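Undergrad: Got a predicted model here, sequence first, then my questions.
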Amino acid sequence: MEATFLKSIKEAIKHWYIPVLVGLFFVIVSIIVFMSPAGSLLTLSILFALSFLFGGLSEIIFSVVNRHQLEN
């Protein structure tokens, strides 16, 4: 039990750079929004649209890849 717990922690730490990249992306987007208040609505609209697109595509890919393991 303890060995699997430690293994799962090591696997999570192995990809430490992903949250850093996401954080840097959000900082850059927030700087863009603060620098151009007139264009901030358009920028946020594009960001939300891209996040919905990415989320939908990732759900589709997950479902297709795991169609034999998932029930229903």
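TA: It's in. Residues are numbered from 1 along each chain as shown.

Undergrad: Tell me the helices and strands packed up against the longest helix along the chain.
TA: The helix that spans the most residues within the chain, counting by DSSP state H, is helix 40-65. Other elements packing on helix 40-65 under the criterion 3 or more C-beta pairs under 8 Å, 6 or more residues apart in numbering; DSSP states H and E are helix 17-35. Just so you know, the C-beta spots here come from the backbone N, C-alpha and C atoms, and that holds for glycine as well.

Undergrad: Now find how far off-centre stretch 20-27 is within its chain.
TA: Here stretch 20-27 is found 10 Å from its chain centre; the criterion is C-alpha atoms, centre = their mean, to the nearest Å.

Undergrad: mean confidence for that stretch?
TA: This predicted structure assigns stretch 20-27 an average pLDDT of 95.

Undergrad: Can you give me the buried ones in that stretch?
TA: Applying a neighbour-count criterion of 16 or more other C-beta atoms under 10 Å, stretch 20-27 contains no buried positions.

Undergrad: Make 48 the starting number, not 1.
TA: Got it, first residue is 48 now, which makes that one stretch 67-74.

Undergrad: Please export the C-alpha coordinates of the helix or strand hosting residue 52 as PDB.
TA: Using DSSP states H and E, residue 52 sits in helix 49-61. Listed next in PDB are the C-alpha coordinates belonging to helix 49-61 (Å, rounded to 0.1, in the frame of the first residue of the first chain):
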ATOM      1  CA  GLU A  49       2.700   2.400   1.000                       C
ATOM      2  CA  ALA A  50       4.800   1.600  -2.000                       C
ATOM      3  CA  THR A  51       2.000   2.400  -4.500                       C
ATOM      4  CA  PHE A  52       1.300   5.700  -2.700                       C
ATOM      5  CA  LEU A  53       5.000   6.700  -3.000                       C
ATOM      6  CA  LYS A  54       5.000   5.600  -6.600                       C
ATOM      7  CA  SER A  55       1.900   7.800  -7.400                       C
ATOM      8  CA  ILE A  56       3.600  10.800  -5.700                       C
ATOM      9  CA  LYS A  57       6.800  10.200  -7.800                       C
ATOM     10  CA  GLU A  58       4.700  10.000 -11.000                       C
ATOM     11  CA  ALA A  59       2.900  13.300 -10.100                       C
ATOM     12  CA  ILE A  60       6.200  15.100  -9.400                       C
ATOM     13  CA  LYS A  61       7.700  13.800 -12.600                       C
END
